[in-house]
Each structure stands twice: as C-alpha cells, then as structure tokens.
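Engineer: coordinates only, sequence not included:
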C-alpha cells in the first residue's frame, strides 16, 4: 500500500496520537505496511512495556476544553473588549488592541478565510462556527488557534474565543490532600496513589483498610477492588512484598547491621521477619551474600 498521505489516514494517525495522550497505550492502527502507522504502533507497545515493568498504573486521562483567548467584536468587526490572557498570549497591551479591526491581528494566511467568515456572520443573526485561525503576535510570530465564533442574541456583538484542549491529571497534591480529590479519581489513579503511599511508608505499620479508606476519601470496597484489579494482589500483600524487597536490597547492598534492617522496613520482630523473608526467597537473611562484605 502507498505511504502517500490522505485525509482518512491523517485522521487515523491523529486518533492514535490522541489515544496515546489520554493514556490508552493498547490502541493500535491497522498498519498494513504503512511506515508511520507501524512506527506509532511500535512506540505505543514499547511505552506500554516499559511502564508495565515499572509497575506504574497507566491512567486513562480525561480531557477538558478551556477558553484561552476571548475577543468581543462590534458589528463592524472592531475589537470592543478582550480578556487578559489574550493580551499575554499575543504580547499586546489593551490600548494596542481595543478599537482595532480584528483582521489586523490575523495573519495573511487566514485573511481570505476571515473575509469569507465576515460575509457569513453579516448574513446570519444566529451565526456560530468553529475554525482554525492563524493570529499574528505583537512580535510578528504566528499563533494557530482553534476558535469558536458566535453572535450574541440581543446586542449582535461577535464573540471569538480560542479553545485549548488539556488533559486532566487528577492526583493528590504534594500536601497529601488525597481526601479532597478522591471523589474525582479514576480507579487507576486511586490504585496508583495507594501504591505510592505504601512505597513511601514501608518503615511504618500499614493502616487497616478502613483507615486507608478514610485517608483517600472512598469506601473500603472500592479501595480494595481497585487495587486488586490493577496490581493483582491485596493491599497488605503488596505492602509485605515491598518491605521484604526493601530489606533484601538493604542487606545485599549496604553495611547496615543485619539485625537493624527489619525495623527500618516495618517489622517489629526479627523472627517474624526472618520467617517471611525465607518463605519468599527460599533462604534466610543471614544466607544472603552481601556485596559490601565481598568488597
């Protein structure tokens, strides 16, 4: 099949990029020998494999359209008002834009389109359209924006608003405000937060499920079910696995006294630790070869 671009193929490529951006790394194109599609499929597969090896849960992000620039135009298409963000994005101050014709900040590449739009707007009191416009900044740079254009009902003023699409990454903030955000969390994000909490608190006793549920602002069933679904194990089993792994690393790679290591990994009794360690690794902590001893 020819590698020549066509509208449908371009649309499919954009769809693939969008799916990857929102966290869906399982999406694949029907490549059929097309080099770009094959490259995207290979990249998605590699990224999915790398993330799975790190045990990071891939959340499917949601997206949101946000208005960035807003212009209010008079019926003769002069700028009556503008929001502060538009001034910052385009590099103008208010005096430079107010009462100027809107076409003065449109690049020549969009000039013909804007002239056509003006005719359509004049002839339709209920006009509404979404188009790509190329703006010209104060420093004569091009800025492409997806714009919504509409007329108000009573004043017949014309609103031009650029819309930016952003991904919503709803995670607990650095202050640990998990409870406030938890109702908005997807199950994948919730499971990841619990996993990160476990990894960051291995030296402390693990709170019970009811206490964890209160911490993350969800019911205990959802907490347990989400975690098991994405990590294939229970919260306690994961906690136990992680602290044994930490103890193994400390024994093998540090000079810390063997007897002190279990206590830095959340174990209060060396005998209990030794038994759990041997069950997992098939040898006791004292039998683990220490690199520092060899060196």
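Structural biologist: Yes, it's here. Since this is a predicted model, take the numbers as computed values, not measurements.

Engineer: secondary structure element for the closest residue to residue 267 other than its chain neighbours, which one?
Structural biologist: Leaving aside its sequence neighbours, residue 267 sits nearest to residue 273 (C-beta to C-beta, 6 or more residues apart in numbering; 3.9 Å). C-beta coordinates here come from the backbone N, C-alpha and C atoms, glycine included. Using DSSP states H and E, residue 273 sits within helix 270-281.

Engineer: ok so, going back, residue contacts, the residue nearest to residue 267?
Structural biologist: Residues near residue 273 by C-beta atoms under 8 Å, 6 or more residues apart in numbering: 247, 262, 265, 267, 285.

Engineer: I'd like to know how far the last one sits from residue 8.
Structural biologist: Distance check for residue 285 against residue 8: by C-beta to C-beta, to the nearest Å, it reads 61 Å.

Engineer: neighbour count for these two, which is higher?
Structural biologist: Using other C-beta atoms under 10 Å as the criterion, residue 285 and residue 8 rank with residue 285 on top: 20 against 8.

Engineer: the more buried one contacts residue 250, doesn't it?
Structural biologist: No. Taking contacts as C-beta atoms under 8 Å, residue 285 lies outside contact range of residue 250: 9.9 Å.

Engineer: list the residues that contact both of those two?
Structural biologist: Residues touching both residue 285 and residue 250 (C-beta under 8 Å, 6+ apart) are residue 261.

Engineer: what are the buried residues along stretch 8-22?
Structural biologist: Residues 9, 12, 13, 16, 19, 20, 22 are the ones in stretch 8-22 that count as buried (16 or more other C-beta atoms under 10 Å).

Engineer: residues touching the residue nearest to residue 206 when sequence neighbours are not counted, list them.
Structural biologist: The shortest distance from residue 206 to any non-neighbouring residue, by C-beta to C-beta, 6+ apart, is to residue 239 (4.6 Å). Counting by C-beta under 8 Å, 6+ apart, residue 239 touches 198, 202, 206, 266.

Engineer: where does residue 239 sit, in terms of helix or strand?
Structural biologist: In the assignment (DSSP H and E), residue 239 maps to helix 235-253.

Engineer: and that helix with helix 270-281, angle?
Structural biologist: Interaxial angle, helix 235-253 versus helix 270-281 (axes from the mean of the first three to the mean of the last three C-alpha atoms, to 10 degrees): 90 degrees.

Engineer: checking the residue lying closest to residue 81 once chain neighbours are set aside next. Helix, strand or coil?
Structural biologist: Of all residues beyond its chain neighbours, the one nearest residue 81 is residue 72 (4.2 Å), with distances taken as C-beta to C-beta, 6+ apart. Following DSSP: H, G, I helix; E, B strand; the rest coil, the label given to residue 72 is strand.
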